[in-house]
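**Q** My questions are about this predicted structure, shown below with the sequence.
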Amino acid sequence: MSDQRTALVLGGGGITGIAWEIGILAGLAETGTDLGRADLVVGTSAGSVVSAQLTGGLDPEAMYARQLAPATAEKAFRLNRATVAQFGWAMLRARGRDVEFRRRIGALALAAERAGLTPTEQERLDVFAALLPGLDWPERDLRITAVDAGSGEFRTFDRNSGVPLAHAVAASCAVPGVYPPVTIDGRRYVDGGMRSAANADLAQGYDRVVVLAPIPRGFGLVASVDAQVTGMVARVAVVSPDAASRTAIGRNVLDPAARGPSARAGRAQAATVADRIADVWTG
């Protein structure tokens, strides 16, 4: 096993996606499979929060306990129908060009911020500074994804990028039209999920890959998880919410009230996938 390189990919999925992934991780750790020891950890959107906490030294059980705390003081956001329609229009106008699609989505995000439809950038940075176990990058190989709102280019941040960790995570979580783009080195960045909900292809070249994907499907120019792992020369396991988890998550992935149920559902689901994950990870 010493020459078998492992990668853990944590995809996007909002507040409930964070909770569900943590539930899965805690449940798997309880069965003896510690995915936190991966040689590479890739985090996109919700997965960027989980990956930063995990590689920053938080124990999955402590992470899980956090998810069960009451969410009475938190505001629920929502990706409304008008914004979703704008996403569709941006895709049509991009005419099959993925970078152009992301550039148009970036323009949408900037316009929503100018119109005062999002929280302030500093408010969002404060949220993530409080969520992370520390403000320094871990020594581990952690890669966090984002998209340049001005150019549409895909970007990954790591400990060698010179970018503050909280800024990288906030950028990866900047859902266009809901949260403001994040400023890094004079550029504005939005959600890494605008390229793919998981960006699982960043694990290409690793021998054993586990993908936790709250949103496994793609749409249009946004790649699905299956499309990105197909053809990998590796042992791969993809886990997405089962029926019980989908019920717990509900219709609004940005609702803090669904955090606890989503975490519990993820932990229960972990028992059903534990053998499959262990076989890929250590078998």
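**A** Received, thanks. Numbers count the residues shown, from 1 in each chain.
**Q** any idea of the mean pLDDT in stretch 72-84?
**A** Per-residue pLDDT values across stretch 72-84 average out to 85.
**Q** go on, stretch 202-212?
**A** Predicted confidence along stretch 202-212 averages 97 (mean pLDDT).
**Q** One more: stretch 258-271?
**A** Averaging pLDDT along stretch 258-271 yields 98.
**Q** Kindly report the same for stretch 43-50.
**A** Averaged across stretch 43-50, pLDDT comes to 98.
**Q** Going forward, the N-terminal residue is numbered 47.
**A** Happy to do that; since the first residue is 47 now, the last one works out to stretch 89-96.
**Q** Touching it from outside, list them.
**A** The set of residues external to stretch 89-96 that reach it, using Cβ atoms under 8 Å, 6 or more residues apart in numbering, is 55-61, 63-64, 67-68, 71, 97-98, 109, 174, 177-178, 188-191, 214-215, 218-219, 221, 237-239, 242-245, 258, 260. For glycine as for every other residue, the C-beta is placed from the backbone atoms N, C-alpha and C.
**Q** From these, which land in strands?
**A** Mapping the contacts of stretch 89-96 onto strands (DSSP state E) picks out Val55, Leu56, Leu188, Arg189, Ile190, Thr191, Asp237, Leu258.
**Q** What is the nearest of the residues you listed to Arg201?
**A** Thr191 (7.2 Å; Cβ to Cβ).
**Q** So what pairs up with that closest one in the strands?
**A** Thr202 (DSSP bridges).
**Q** for Gly89, same thing?
**A** With beta bridges defined as DSSP bridges, Gly89 has these partners: Leu56, Ile190.
**Q** Now do stretch 158-166, average pLDDT.
**A** Confidence over stretch 158-166, taken as the mean pLDDT, stands at 96.
**Q** cool, stretch 321-329 as well?
**A** With pLDDT averaged residue by residue, stretch 321-329 scores 95.
**Q** what's the spacing between Leu74 and Asp172?
**A** In this structure, Leu74 and Asp172 are 31 Å apart, going by Cβ to Cβ, to the nearest Å.
**Q** Kindly report the same for Ala136.
**A** Ala136 sits 29 Å away from Asp172, going by Cβ to Cβ.
**Q** The two: who's more crowded?
**A** When Ala136 and Asp172 are compared for neighbours, Ala136 comes out ahead with 22 against 14, by other Cβ atoms under 10 Å.
**Q** sorry, back to before: dump the ones in strands among the contacts of stretch 89-96 into JSON lines; add neighbour count and distance to Pro226 as well.
**A** Supplementary listing: the ones in strands among the contacts of stretch 89-96 in JSON lines, determined by neighbours: other Cβ atoms under 10 Å; distance: Cβ to Cβ, whole Å:
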{"residue": "Val55", "neighbour count": "30", "distance to Pro226": "26"}
{"residue": "Leu56", "neighbour count": "35", "distance to Pro226": "23"}
{"residue": "Leu188", "neighbour count": "23", "distance to Pro226": "24"}
{"residue": "Arg189", "neighbour count": "23", "distance to Pro226": "23"}
{"residue": "Ile190", "neighbour count": "32", "distance to Pro226": "17"}
{"residue": "Thr191", "neighbour count": "29", "distance to Pro226": "18"}
{"residue": "Asp237", "neighbour count": "30", "distance to Pro226": "11"}
{"residue": "Leu258", "neighbour count": "32", "distance to Pro226": "27"}
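**Q** which one among those residues gets closest to Arg127?
**A** Distances from Arg127 to the ones in strands among the contacts of stretch 89-96, taken as Cβ to Cβ, are shortest for Asp237 (18.4 Å).
**Q** My read is that the closest one contacts Cys219, right?
**A** Yes. Shown here, Asp237 and Cys219 form a contact pair, counting by Cβ atoms under 8 Å, at 6.5 Å.
**Q** Tell me who's in contact with Gly78.
**A** If a contact means Cβ under 8 Å, 6+ apart, then Gly78 has Ala324 as its contacts.
**Q** Helix or strand: which one has it?
**A** Counting by DSSP states H and E, Gly78 is held by no secondary-structure element, helix or strand.
**Q** quick one: it from Ala324, how far?
**A** Plainly put, Gly78 is 7 Å away from Ala324 if you go by Cβ to Cβ.
**Q** Thank you, goodbye.
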